[in-house]
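>>> structure, please.
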Amino acid sequence: MKGLEGLREAVRKLLRSSSSYEKAVNELIRDLQRTLLKADVNVKLVFQLTRSVKKRALEEKPPPGITRREWVVKILLDELVKLFGGLEEPNVLPKKKPYIIMLVGIQGSGKTTSAAKLAYYYAKRGFKVGLVCADTFRPAAYIQLKQLGEKINIPVYGREGEKNSIKLALEGVEYFKKQNFDIIIIDTAGRHKEEKGLLEEMKNIAKAIKPDEVMLIIDASIGQQAYIQAKAFHEATPIGSIMITKMDGTAKGGGALSAVAATGAKIKFIGTGELIEDIERFSPKGFVSRLLGLGDIEALLDKIREAQLEEELAKKQYEILKSGRITLRDLYYQIKSIRRMGPLSKLLQMIPGFSLTLPSEDQLKLTEEKMDKWLAIINSMTYEELEKPSKIDRSRMRRIAIGSGTTIEDVKELLKYYEIMNKMLKQIKRRKGLLRKLHIE
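All right, here's what the predicted structure looks like:
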């Protein structure tokens, strides 16, 4: 995650350092402070955390069979989990049916996209979900939500030109209730803590529809200002949960998470990318484990379980992990499947200890534009080139680039990515115990 990559590097440095134990701990503390302050975590919280880590690292004795440095990683995990919300896991399943969720947030926080992401998340888990557009303030709000709904086959209730948001919300809830929908998600107009009229409207909508949960959508890029925002909204309408969006696109995500956790509010979801599928249930322990390069087995198993709804995809992912090798045909299949299951690189980051050896996120990230180019490149290769990429020399690269409407550099980039993925898969193949734990062997 942007802004917090330094945590993984700090752990790697600690475990590999040849310095004395005390010196290595002091270096870790400096690295922690630098990384957390850069991620816009509140100064007071940073120094509280690092004081606690240092005190415990120097005073506590590890249990038998664990080195002091390994124990420091455990201490760091404990303290960061506290910073980001504690050990308690959020319950994201609806307590009753129909379950009404009302989304609120300031303009530009990504609320409408988050409504679609939430709908997708619950639909993938077998719930019948409906979306209601009660945003009468922003032009084309209904059109945007309708387009997102069509992408994921979720019905959307709304009406262009309607000015009464309370009426729309009530009608939408009633419409989906009559059809026995399990979850109804209401997208409201973006507010600002200074806009008293809109905050009053939010109160009135909540009073009229009596939602089972009010979810505040917060943009991660506001960093520690999230504390003020969460507090202002909570005073207007008691907030039941929070979703933090755009965690992949800002260095201030750590600041936003820690600020919200400091209010005592429950973070239920985080948005981890631009695609509708890029939504995760927020588990402080799993989140921190991945940041430190320790993996997140639960999230990995959850991903695989979710993907079993797409049996062919799940089977292919298993085969790739088991064989320890990926072909260019597999890579083509991977790119095509990313929009549904998520990239293999994201799954690999969830494997305990394995992500400490991964290349940087920038090297692994696939943008929509890059995916389109790479699919065209693979489609322009001969059968021989697909089977033996080592045969692709510069003249073949030129032919492939011309045939796919790309450049030689694009072809080189694809082949480099292919090599990186194969190196990672060879490493995982050696970890037989882990494959057995995941029921892959």
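
>>> thought Met397 was touching Lys412?
Yes: judged on Cβ atoms under 8 Å, Met397 makes contact with Lys412 at a distance of 6.8 Å. Bear in mind the C-beta positions are built from the backbone N, C-alpha and C, glycine included.

>>> who has more neighbours out of those two?
Shown here are Met397 and Lys412; by other Cβ atoms under 10 Å, Met397 has more neighbours (21 against 14).

>>> quick one: residues in contact with the helix or strand where the more buried one lies.
Under the criterion of DSSP states H and E, Met397 resides in helix 394-404. Helix 394-404 has contacts (Cβ atoms under 8 Å, 6 or more residues apart in numbering) with 373, 376-377, 379-381, 385, 392, 406-408, 410-412.

>>> the residues you listed in helices, which ones?
Using DSSP state H, the subset of the contacts of helix 394-404 located in helices is Lys373, Ala376, Ile377, Asn379, Glu385, Ile408, Asp410, Val411, Lys412.

>>> give me the pLDDT for the residue nearest to the fourth one when sequence neighbours are not counted.
Leaving aside its sequence neighbours, Asn379 sits nearest to Ser404 (Cβ to Cβ, 6 or more residues apart in numbering; 6.8 Å). Ser404 is assigned a pLDDT of 85 by the prediction.

>>> Ser404: neighbouring residues, count only.
Quick note: Ser404 (other Cβ under 10 Å) scores 20 neighbours.

>>> Arg398 too?
Using other Cβ under 10 Å, Arg398 is surrounded by 13 other residues.

>>> what of Asp78?
Neighbour count for Asp78, taken as other Cβ under 10 Å: 16.

>>> same question, Arg329
13.

>>> of the ones in helices among the contacts of helix 394-404, closest to Val11?
Lys412 (32.3 Å; Cβ to Cβ).

>>> which ones are touching that closest one?
Met397.

>>> that one and Thr382, how far apart?
18 Å (Cβ to Cβ, to the nearest Å).

>>> just Lys252 next, same as before
Taking Cβ to Cβ, one finds Lys252 at 47 Å from Thr382.

>>> domain map for the chain?
5-83, 99-291, 297-437 (automatic domain parsing).

>>> which one of those lies nearest to Leu93?
domain 99-291 (8.1 Å).

>>> and the closest one, average pLDDT?
84.

>>> ends of that domain, what's the gap?
33 Å (Cα to Cα, to the nearest Å).

>>> begin at 764, not 1, for the rest of this chat.
Renumbered: residue one is now 764, and that last one reads domain 862-1054.

>>> ok now that domain, how far from the chain's centre?
Relative to the centre of its chain, domain 862-1054 is centred 16 Å away, using Cα atoms, centre = their mean, to the nearest Å.

>>> same deal with stretch 806-817?
With Cα atoms, centre = their mean, you get 26 Å for stretch 806-817.

>>> can you tell me what sits against that stretch?
So stretch 806-817 is contacted by 788-789, 791-792, 795-796, 799-800, 835, 838-839, 842-843, 845-846, 1021, 1025 (Cβ under 8 Å, 6+ apart).

>>> cutoff 6 Å now
Here stretch 806-817 makes contact (Cβ atoms under 6 Å, 6 or more residues apart in numbering) with Ile792, Leu795, Gln796, Leu799, Leu800, Ile838, Leu839, Glu842, Leu846, Ser1021.

>>> ok, which stretches of the stretch 964-1113 of the chain are strands?
976-982, 1004-1008, 1030-1034, 1042-1044 (DSSP state E, counting those that start in this stretch).

>>> who does the longest one touch, helix- and strand-wise?
It refers to strand 976-982. strand 862-867, strand 1004-1008 (3 or more Cβ pairs under 6 Å, 6 or more residues apart in numbering; DSSP states H and E).

>>> looking at the contacts of stretch 806-817, which two lie furthest apart in space?
Maximum distance among the contacts of stretch 806-817 (Cβ to Cβ): 19.9 Å, for Leu800 and Ile838.

>>> out of these two, which sits in the busier spot?
Taking other Cβ under 10 Å, Leu800 and Ile838 do not tie; Ile838 has more neighbours (18 against 15).

>>> what does the more buried one show for phi and psi?
phi -60, psi -50 (degrees, to the nearest 10).
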